[in-house]
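**Q** Need coordinates for the following:
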Amino acid sequence: MDGQTRRIEMIKMLQEATKPMSGAKLGNAFGISRQVVVQDIALLRAEGYDLLATARGYILNQEAGNMVSRVILVKHTAEQMEDELNTVVDNGGRVRNVIVSHSVYGDLTGDLMLKTRRDVKAFAEKVGHNEAALLSVLTAGVHMHTIEAPTEEELDIIEEELRQKGYLA
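**A** Just a heads-up that it's a prediction; the model follows:
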């Protein structure tokens, strides 16, 4: 199978996937290395596909054209992370990413794609299990999220809920 055909089949797999697909799983499906998967993902992004690399695997963001987004600046402790993320998803939003503006490295972004409490719980468990530091520790808890929702009104509700809880910076 040539590279272009493989990438077309890869997109089909990602379109049909009900959960993120790891690079290893994609590689095994096509008999290629994880590095070739990374290269294929980069080429597909260059072709205009909205592919996200999350901690759980690759996602084809098929809802992107139907959503509005807003970047919000927040600040909280690591212990408040789950409540902050659940506030977004409980109000119909999706947390697309986390962004920190580092004084040396510039903006550092991590794709999250959290849209349910189950997603938030899995993310929190992965952070705890791996004893991983949140990106926000680099900036004393200050960070940004790109939040997506079906309407601007829903984004307004999410932002107001975060404000009431004291999470907006």
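
**Q** Every contact and neighbour count from this point should use C-alpha atoms.
**A** Will do.

**Q** The residue lying closest to A133 once chain neighbours are set aside is in what secondary structure piece?
**A** Nearest non-adjacent residue to A133, counting by C-alpha to C-alpha, 6 or more residues apart in numbering: V127, 7.2 Å away. Assigned by DSSP states H and E, V127 belongs to helix 117-129.

**Q** After that helix, which helix or strand is next?
**A** Past helix 117-129, the next helix or strand by DSSP H and E is strand 142-149.

**Q** Show me what that following strand is packed up against.
**A** Where contact means 3 or more C-alpha pairs under 8 Å, 6 or more residues apart in numbering; DSSP states H and E, strand 142-149 is packed against strand 68-75, strand 94-102, helix 152-164.

**Q** if you average pLDDT over it, what comes out?
**A** Averaged across strand 142-149, pLDDT comes to 92.

**Q** do stretch 23-41 as well
**A** The predicted model assigns stretch 23-41 a mean pLDDT of 92.

**Q** Report the buried residues of that stretch.
**A** Buried positions in stretch 23-41, judged by neighbour count with 16 or more other C-alpha atoms under 10 Å: 23, 26-27, 34, 37-38, 40-41.

**Q** List just the nearest of those to D83.
**A** G23 (30.0 Å; C-alpha to C-alpha).

**Q** What are the neighbouring residues in contact with the residue lying closest to that closest one once chain neighbours are set aside?
**A** Sequence neighbours aside, R34 is the residue nearest to G23 in space, at 5.5 Å (criterion: C-alpha to C-alpha, 6+ apart). The contact partners of R34, taken as C-alpha atoms under 8 Å, 6 or more residues apart in numbering, are 23-24, 26-27.

**Q** Helix or strand next in line after the helix or strand bottoming out on mean pLDDT in the chain, which one?
**A** Every helix and strand of the chain was ranked by mean pLDDT, DSSP states H and E. The lowest is strand 51-54, at a mean of 83. As assigned by DSSP H and E, the chain's next helix or strand after strand 51-54 is strand 57-60.
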